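S.K.: Sequence first, predicted coordinates after that:
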Amino acid sequence: MDAIKEMVKALPPVTDKFVKHQRQNFAFHKESFIEYILKNCSGIVYEKLVRTCKYFYFVARIVPVKDYNNGNFGCVRKSKTAPIVEKVVESKSIAIKLWFTGKLYLCAPGNSLINFMWRCDVTELGLSEQELTRDEFLKITQNVKELNFYQSKVFSATGQRLTIGDILALVPQIVHFYSNKNTRYNPITIRQSNHALPYLPHLQRIELSRVPNSLDYNEIIEFLKEHPNVHFYICFIKRHWDFHYHGAFMNAVKNAFPNGKVEYKVEFDRHNDRSAFHGDRTWSLTYKNMKIELFGEGDSLS
């Protein structure tokens with residue numbers, strides 16, 4: 001014991017000051033800790049932090065919302081988070097902002113909702129009967145991989161309606177795209193307003209529904225050559241299967257991909273009831289990793 005006491009006495013005196021000190025540069029030294037977290041974490045992580053400690057409430061309150069749907073979008077029902085978002089919008093408080101993650105489906109007018117968005121990190125987006133400006137569309141599609149575009153419109157700053165090609169060019173990271181135009185007279189094109197085709201390196205499937213017979217199949221062929229791994233599905237408007245137009249469409253695709261595998265079938269009474277369609281036609285061509293399908297509904301039996 002005496003030996004230990006002697007060793008302690010031999011130690012240098014303890015001081016509360018460092019002889020040498022050096023400032024440490026942390027990654028968030030130029031901003032507050034909470035600002036650093038908000039810029040570098042997901043909405044799910046931030047929501048857990050908020051529930052853990054009131055310190056993580058920002059000066060402008062941010063409410064993280066996952067998988068939001070404000071109406072019946074197809075088979076997707078109104079989400080459980082809808083009441084929370086509705087309260088924020090109804091309050092009209094500029095101090096409260098919404099942070100959307102996961103999936104976002106807008107069925108009712110969504111422009112007022114976009115005004116309350118602080119950030120939008122959704123990867124799946126559904127737009128039904130929406131009219132958005134180009135800037136509003138960009139705000140909600142920065143991370144979108146799957147886009148369902150149903151009877152919606154996007155306009156430029158000058159009021160010009162964007163084409164399907166323009167819309168696709170704004171989401172170059174897109175993987176799956178679905179569009180339902182629901183009109184038989186207005187033309188449809190996958191070219192941009194500058195006549196160029198969008199290049200989508202990650203695209204796997206594109207589906208155009210209710211397409212009129214004015215679609216230029218030459219631009220479809222050009223698009224397929226630039227996207228050799230895509231599945232392109234085109235559904236024509238009911239009772240608009242025209243043998244002259246669709247025959248020319250098929251021949252053009254076959255000539256562009258002469259080594260492709262062609263399949264053609266006509267279905268009758270596929271639903272086994274009186275509401276079925278009579279003579280639905282499906283034509284497809286598969287070439288390596290690329291596939292194009294043309295579908296036309298027959299006449300109703302009822």
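M.R.: Nice, thanks for sending it over. Residues are numbered from 1 along each chain as shown.
S.K.: And the contacts of the longest helix along the chain?
M.R.: Of all the segments of type helix in the chain, defined by DSSP state H, the longest one is helix 243-256. Contact with helix 243-256 is made by 213, 217-218, 220-221, 224-225, 236, 260, 262, 283, 285, 292, 294, 296, as judged by CB atoms under 8 Å, 6 or more residues apart in numbering. Heads up, the C-betas are built off the backbone N, CA and C, glycines and all.
S.K.: mind listing the helices for the stretch 151-300 of the chain?
M.R.: 164-169, 217-226, 243-256 (DSSP state H, counting those that start in this stretch).
S.K.: Quick one: the ones you listed as JSON lines, columns for mean pLDDT and distance to residue 41 too.
M.R.: Converted to JSON lines, the helices of the stretch 151-300 of the chain look like this (pLDDT from 0 to 100; distance: least, CB to CB, whole Å):
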{"stretch": "helix 164-169", "mean pLDDT": "96", "distance to residue 41": "30"}
{"stretch": "helix 217-226", "mean pLDDT": "97", "distance to residue 41": "37"}
{"stretch": "helix 243-256", "mean pLDDT": "92", "distance to residue 41": "47"}
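S.K.: how many other residues sit next to residue 196?
M.R.: Around residue 196 there are 10 other residues, counting by other CB atoms under 10 Å.
S.K.: now do residue 210
M.R.: 18.
S.K.: Ok, residue 206 next?
M.R.: Residues within reach of residue 206, counting by other CB under 10 Å, total 24.
S.K.: Where does the prediction get shaky in the stretch 1-150 of the chain?
M.R.: 1-34, 54-60, 72-81, 108-111 (pLDDT under 70).
S.K.: again, only this time at 90
M.R.: 1-99, 101, 106-119, 128-129 (pLDDT under 90).
S.K.: For this structure, which segments are assigned as strands?
M.R.: Applying DSSP state E to the chain gives strands spanning 61-69, 96-106, 117-128, 131-133, 146-150, 153-155, 176-180, 205-211, 231-236, 261-268, 277-287, 290-296, 299-300.
S.K.: can you pull out the helices in the stretch 1-150 of the chain?
M.R.: Going by DSSP H, counting those that start in this stretch, the stretch 1-150 of the chain shows helices at 2-10, 33-40, 43-52, 82-91, 111-114, 134-140.
S.K.: most tightly surrounded among those?
M.R.: Highest mean neighbour count among those (mean count of other CB atoms under 10 Å): helix 134-140, with a mean of 17.
S.K.: which residues are contacting it?
M.R.: 100, 104, 111, 114, 117, 120, 122, 125, 154-157, 162, 167, 170.
S.K.: Ranking by neighbours, what's the top pick from those residues?
M.R.: residue 104 leads those on contacts (other CB under 10 Å) with 28 neighbours.
S.K.: isn't it right up against residue 130?
M.R.: No - taking CB atoms under 8 Å as the definition, residue 104 is not a contact partner of residue 130, at 11.3 Å.
S.K.: Spatially, and excluding backbone neighbours, which residue is closest to residue 125.
M.R.: residue 144 (4.7 Å; CB to CB, 6 or more residues apart in numbering).
S.K.: mind checking how far that neighbour is from residue 66?
M.R.: Note on residue 144: its distance to residue 66, by CB to CB, to the nearest Å, is 15 Å.
S.K.: more crowded one of these two?
M.R.: Remark: of residue 144 and residue 66, residue 144 carries more neighbours, 22 against 19, as counted by other CB under 10 Å.
S.K.: if I look at the more buried one, how far off is residue 207?
M.R.: 16 Å.
S.K.: now the strands of the chain as CSV including distance to residue 254?
M.R.: Converted to CSV, these look like this (distance: least, CB to CB, whole Å):
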stretch, distance to residue 254
strand 61-69, 42
strand 96-106, 39
strand 117-128, 35
strand 131-133, 39
strand 146-150, 29
strand 153-155, 34
strand 176-180, 25
strand 205-211, 19
strand 231-236, 15
strand 261-268, 6
strand 277-287, 7
strand 290-296, 11
strand 299-300, 27
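S.K.: Which two among the contacts of helix 243-256 are spaced furthest apart?
M.R.: 225 and 296 (24.0 Å; CB to CB).
S.K.: quick one: which of these two has more around it?
M.R.: Neighbour totals were compared for residue 225 and residue 296, and residue 296 leads with 23 against 12 (other CB under 10 Å).
S.K.: Residue 286 reaches residue 231, doesn't it?
M.R.: No - look at residue 286 against residue 231 with CB under 8 Å: they stay out of range, at 9.3 Å.
S.K.: phi, psi of the nearest residue to residue 164 once chain neighbours are set aside?
M.R.: Spatial nearest neighbour of residue 164, chain neighbours left out: residue 190 (5.2 Å); criterion: CB to CB, 6+ apart. Torsion angles at residue 190 (phi, psi; degrees, to the nearest 10) stand at phi -100, psi 10.
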